[in-house]
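Engineer: give the three-dimensional model of this entry:
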Amino acid sequence: MSDDRQPPGLFSNENRQQWDRARERMRAEVGDQKYDTWFSALELLRQEDSLVYLTMPTKFLRNWMNQHYLELIRARIAAEFKGVDKVVIEVRTPNPKMTSTLATAPGLRALAPGFKSAPQQPSAKAADEQRPCASVSSRRASAARGNGGTEAEGFVGSRLDRRLTFATFKVGKSNDFAFAAARRAAEQCAQGAAPLFNPLFVHASVGLGKTHLLQAMAREASDGRRRVLYLTAERFMHNFGNALRDQTAYALKEDLRSIDMLVVDDLQFLQGKILRAEFSHLVNALIDTGRQIVVAADRPPAQLESLDERASSRFKGGLCVEIGPLDEELRQRVLESRIAAAKEQHDAFVVPRDVVTYIAKVITSNGRDLDGAVSRLLAHASLSGAPICLSTAEMAIRDLVNSHEPKRVKIDDIQKLVASHYNVSRADIVSSRRTANVVLPRQVAMYLSKALTPRSLPEIGRRFGGRDHTTVIHAVRKIENLIAKDNGVAQVVELLKRMLNEQ
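Structural biologist: Numbers count the residues shown, from 1 in each chain. The predicted model follows:
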């Protein structure tokens, strides 16, 4: 199948296959969320002898990838492209078709870096371990797969991890109510019964099991007769953005309204005025026709800026459940299950009871840190060949013990990143210049300094050329008002926050 993202004739079919494998390697290394945020906009341009040229949609994003991920990209491409030892990332010329469509949709313009023109096909190994949840147009999707194509005519669900089921979900005091509600909703859908809790909204901090619970629901409810769609907010934006670009949005919305259950993860990442409105219309249409809606986010509906008033009101009117922090007993059970899973692959991996108890006591942040602890113990045991003891465990997980402490962002880093984004110098931002192209970046940098650092207002003012604290207050209020009124500014500020937290 042709891919109109790439200029014809600049690379061969073999190059395309090598590029697909390299992308799979990148996704496996950085994870789905980070890949969808940054790497999905990366495209292959051409190969010239030992050099591969890639493109990004903007200079700012190209510079970001060069600074943070170039070596990873080079290594993964070198592993697939024979004889290649260098990678160059260029800024690509916009696709006229996409540009003209986005120009009519202001709420989508800031999302262009995250758009993907066609979903990539999983490798044979990935397909064995993970499967996409049912596409809306199931018959068309099956035909497309049978012809070796992609499910380009409908929504393609995000992949389901075969390990994330109700059977593998560890239940404790902090999540028992959410687990019971999720299981009942999945059973009702599988049986074709009317939804009992609709919509069902699950919220929790990172690493407490939201994704596990939602994927378990999607798998349980999708029994071959029920049409279930599981997807992340990023996947929703990607699919709907493509539909708007290809002028197939009406047919897509009609398809979506025929599903039995819609499961959306990480709703806090939904961006763009148009996409928020379309999501709200979809939620209303599905609820009004008795279809089950399940959504997860990192905060309650009332605190989600990504929801308009209608969608927020709908979610408040349903069942809203929270998954709380894991208590020590539950953390110990999660650890034991992770260790047992690792032991299936490594027979000699043995973790004494006192080590399990110690880890469950000192790692209190989330389940992902517990996974990290098991990985570190396994690495120490397999590489050193020595048995695991308490002192070994203390050394192996010391970086995780304080992982719950918030990341410390420096004002210098904020100034440099904002200056790079707005194409001005850091000296301009701290100078006394009052031109329009400098004032906005300066105010954004002050706002981020107030939001992301513990520094006082007078100290922030001093770091911006010796300004008074009232100037900082004015800048913060100005950006807060712009965020509320201007969706483009809101998305830029959110993007800069993510970048600063990943540095």
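Engineer: only C-alpha atoms for contact and neighbour calcs from this point on.
Structural biologist: Fine.
Engineer: does the nearest residue to Leu330 once chain neighbours are set aside belong to a helix or a strand, and which?
Structural biologist: With C-alpha to C-alpha, 6 or more residues apart in numbering as the measure, Gly172 is the residue that lies nearest to Leu330, at 5.8 Å, once sequence neighbours are left out. Following DSSP states H and E, one finds Gly172 outside all helices and strands.
Engineer: i'd like the first residue to be 642 from this point on
Structural biologist: Okay, using 642 as the starting number, the last item reads as Gly813.
Engineer: my read: Gly813 touches Gln973, true?
Structural biologist: No - at 10.9 Å, Gly813 does not count as touching Gln973 under the criterion of C-alpha atoms under 8 Å.
Engineer: list the buried residues in the helix or strand where Asp677 lies.
Structural biologist: With elements taken from DSSP H and E, the one containing Asp677 is helix 673-679. Buried residues in helix 673-679, counting neighbours by 16 or more other C-alpha atoms under 10 Å, are found at 676-677, 679.
Engineer: give me the mean pLDDT for it.
Structural biologist: Confidence over helix 673-679, taken as the mean pLDDT, stands at 77.
Engineer: residues contacting the closest residue in space to Ile718 that isn't next to it in sequence?
Structural biologist: The shortest distance from Ile718 to any residue other than its chain neighbours is 5.5 Å, reached at Ala663 (C-alpha to C-alpha, 6+ apart). If you count contacts by C-alpha atoms under 8 Å, 6 or more residues apart in numbering, Ala663 has them with 717-718, 720-721.
Engineer: swap in Val991?
Structural biologist: Contacts were defined as C-alpha under 8 Å, 6+ apart; by that measure Val991 touches 984, 1028-1029.
Engineer: which of those residues are buried?
Structural biologist: For those, burial is judged from neighbour counts taken by 16+ other C-alpha under 10 Å, and it is met by Ile1029.
Engineer: quick check, nearest of the contacts of Val991 to Cys830?
Structural biologist: Within those, proximity to Cys830 (C-alpha to C-alpha) peaks at Lys984, which comes in at 35.8 Å.
Engineer: you'd agree Glu828 is up against Ala862?
Structural biologist: Yes - using C-alpha under 8 Å as the test, Glu828 is close enough to Ala862 to be in contact (6.4 Å).
Engineer: comparing the two, which shows the higher neighbour count?
Structural biologist: Legend: neighbour count by other C-alpha atoms under 10 Å for Glu828 and Ala862, higher for Ala862 (24 against 17).
Engineer: how far away is the more buried one from Leu923?
Structural biologist: Distance of Ala862 to Leu923, given as C-alpha to C-alpha, to the nearest Å: 20 Å.
Engineer: same question for Asp802.
Structural biologist: According to C-alpha to C-alpha, Asp802 stands 26 Å off from Leu923.
Engineer: at which residues are the helices of the stretch 992-1141 of the chain located?
Structural biologist: With helices called from DSSP state H, counting those that start in this stretch, the stretch 992-1141 of the chain shows them at 994-1003, 1008-1025, 1031-1037, 1039-1042, 1052-1063, 1067-1071, 1077-1093, 1098-1104, 1110-1126, 1128-1143.
Engineer: what do you get for the stretch 692-841 of the chain?
Structural biologist: Along the stretch 692-841 of the chain, the stretches classed as helices by DSSP H, counting those that start in this stretch are 700-709, 711-721, 737-744, 747-750, 765-770, 779-787, 817-831.
Engineer: which of these has the lowest average pLDDT?
Structural biologist: Looking across the helices of the stretch 692-841 of the chain, the weakest by mean pLDDT turns out to be helix 747-750, at a mean of 32.
Engineer: kindly report the domain assignment for the protein.
Structural biologist: When the chain is parsed into structural domains using automatic domain parsing, the resulting residue ranges are 654-734, 765-963, 969-1042, 1052-1143.
Engineer: lowest-confidence stretch among those?
Structural biologist: When the domains of the chain are compared on mean pLDDT, domain 765-963 scores lowest, with a mean of 76.
Engineer: Ile1124 contacts Ala1131, correct?
Structural biologist: Yes - using C-alpha under 8 Å, Ile1124 makes contact with Ala1131 at a distance of 4.4 Å.
Engineer: between these two, who's got more neighbours?
Structural biologist: The neighbour comparison of Ile1124 against Ala1131 (other C-alpha under 10 Å) goes to Ala1131, with 20 against 17.
Engineer: the more buried one and Ala1125: what is the separation?
Structural biologist: Ala1131 sits 7 Å away from Ala1125 when distances are taken as C-alpha to C-alpha.
Engineer: please apply the same query to Arg917.
Structural biologist: For Arg917, the distance to Ala1125 equals 14 Å [C-alpha to C-alpha].
Engineer: who has more neighbours out of these two?
Structural biologist: With neighbours defined as other C-alpha under 10 Å, Arg917 and Ala1125 compare such that Arg917 has more, 18 against 11.
Engineer: now that one: phi and psi?
Structural biologist: When quoted as degrees, to the nearest 10, the phi and psi of Arg917 stand at phi -60, psi -40.
Engineer: cool, and Leu872?
Structural biologist: Note on Leu872: backbone dihedrals following degrees, to the nearest 10 are phi -160, psi 160.
Engineer: same deal with Glu689?
Structural biologist: On the backbone of Glu689 - angles per degrees, to the nearest 10 - the values are phi -130, psi 100.
Engineer: what of Pro836?
Structural biologist: According to degrees, to the nearest 10, Pro836 has phi -60, psi 140.
Engineer: so it makes contact with Gly931?
Structural biologist: Yes - shown here, Pro836 and Gly931 form a contact pair, counting by C-alpha under 8 Å, at 6.8 Å.
Engineer: for stretch 1094-1110, measure first residue to last.
Structural biologist: Taking C-alpha to C-alpha as the criterion, the two ends of stretch 1094-1110 lie 15 Å apart.
Engineer: what does that stretch rub up against?
Structural biologist: Around stretch 1094-1110, the neighbours that count as contacts under C-alpha under 8 Å, 6+ apart are 1049-1052, 1070-1073, 1087, 1090-1091, 1112-1114.
Engineer: if we go to 10 Å?
Structural biologist: By C-alpha atoms under 10 Å, 6 or more residues apart in numbering, the surrounding residues in contact with stretch 1094-1110 are 1048-1053, 1055-1056, 1067-1073, 1083, 1086-1088, 1090-1091, 1111-1114, 1116.
Engineer: cool, and stretch 1134-1144?
Structural biologist: Outside of stretch 1134-1144, the residues that reach it under the criterion C-alpha under 10 Å, 6+ apart are 675, 678, 705, 708-709, 751, 910, 912, 1047-1051, 1054-1055, 1058-1059, 1062, 1085-1086, 1088-1089, 1092-1093, 1120, 1124, 1128, 1130, 1132-1133.
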